[in-house]
Structure formats: C-alpha cells, structure tokens
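Engineer: Show me the folded form of this:
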Amino acid sequence: MVLSAGEIGFVREADRWAVSEISNQSTGYCPDIGSWSEVARALDDVGLERPSGFTHEVVFRRCSGCQEHNIVREDDFVCVFCGSDLPETWNVDPIA
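Structural biologist: Presented below is the predicted three-dimensional model:
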C-alpha cells in the first residue's frame, strides 16, 4: 500500500543530508496533503532533517461526474474536464 508519494529535494548540511523541499505532487498516486504524517515518519526513521510539512502542497480530487483526476488551484473546486463541482474532501482512491 502506498501511503504517500511526491517529489523531494536534498541539501548537504554539516556533513549530512537534509530535505530542502518536498511535495505531494504525484499524478500517479494523487496523495492527500494529510499524508504528511506518513512522510514525516519515514524521514524521521532514516534520520533526515526535514521541514515541518510539505513545502509545496497539491490538492487532488476525483470528479464525481466524469471520474477524471483534477488538481485544485486557488481553491476552485470545479472539474476542468466537465465543469462539475469537486468534493471538498480527498476522494482519489479507486472506486471500490
């Protein structure tokens, strides 16, 4: 099970690596911004210094009408494909 996904950048600080930038931008998995706790735990487990949260958050939603995945920009919860309203809460998991 994938708990989160995204992009990560590293920087060398005082003879060790640290996370400089991190996002949940993964159009394959479309993780919720709430997945940060899983990312933080994984980074802590390997001893990497890290930010207190995603440095770039991406809000993903699946359209209830056309089922397309959307990136929500500027709090505009409207499907770019069909114009339907998008849900306020994360719903990208595959339909059961």
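Engineer: Domain map for this structure?
Structural biologist: Per automatic domain parsing, the domain ranges recorded for the chain read 7-57, 59-96.
Engineer: got TSV for those, with mean pLDDT, mean neighbour count and distance to Met1 too?
Structural biologist: To be clear about C-beta, it is placed using only N, CA and C from the backbone, and glycine gets the same treatment. As requested, those are exported to TSV (pLDDT from 0 to 100; neighbours: other Cβ atoms under 10 Å; distance: least, Cβ to Cβ, whole Å):
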stretch	mean pLDDT	mean neighbour count	distance to Met1
domain 7-57	96	14	10
domain 59-96	93	13	11
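Engineer: residue ranges for the strands of the protein, please.
Structural biologist: Counting by DSSP state E, the segments of the chain that form strands are 7-13, 16-23, 59-62, 69-72.
Engineer: of the ones you listed, which approaches Asp45 most closely?
Structural biologist: Each of these was checked against Asp45 via Cβ to Cβ, and the shortest separation belongs to strand 16-23, namely 13.1 Å.
Engineer: for the strands of the chain, which one sits closest to Arg41?
Structural biologist: Closest approach to Arg41 among these (Cβ to Cβ): strand 16-23, 13.3 Å.
Engineer: Distance from that closest one to the middle of the chain?
Structural biologist: Offset of strand 16-23 from its chain centre (Cα atoms, centre = their mean, to the nearest Å): 16 Å.
Engineer: Remind me what that strand packs against, helices and strands.
Structural biologist: Contacting strand 16-23 under the criterion 3 or more Cβ pairs under 8 Å, 6 or more residues apart in numbering; DSSP states H and E are the following elements: strand 7-13.
Engineer: center of the chain, which residue is that?
Structural biologist: Asn24 (2.5 Å; Cα atoms, centre = their mean).
Engineer: Contact partners for it?
Structural biologist: Listed by Cβ atoms under 8 Å, 6 or more residues apart in numbering, the contact set of Asn24 reads 4-6, 31-33, 35-36, 39, 54, 57-58.
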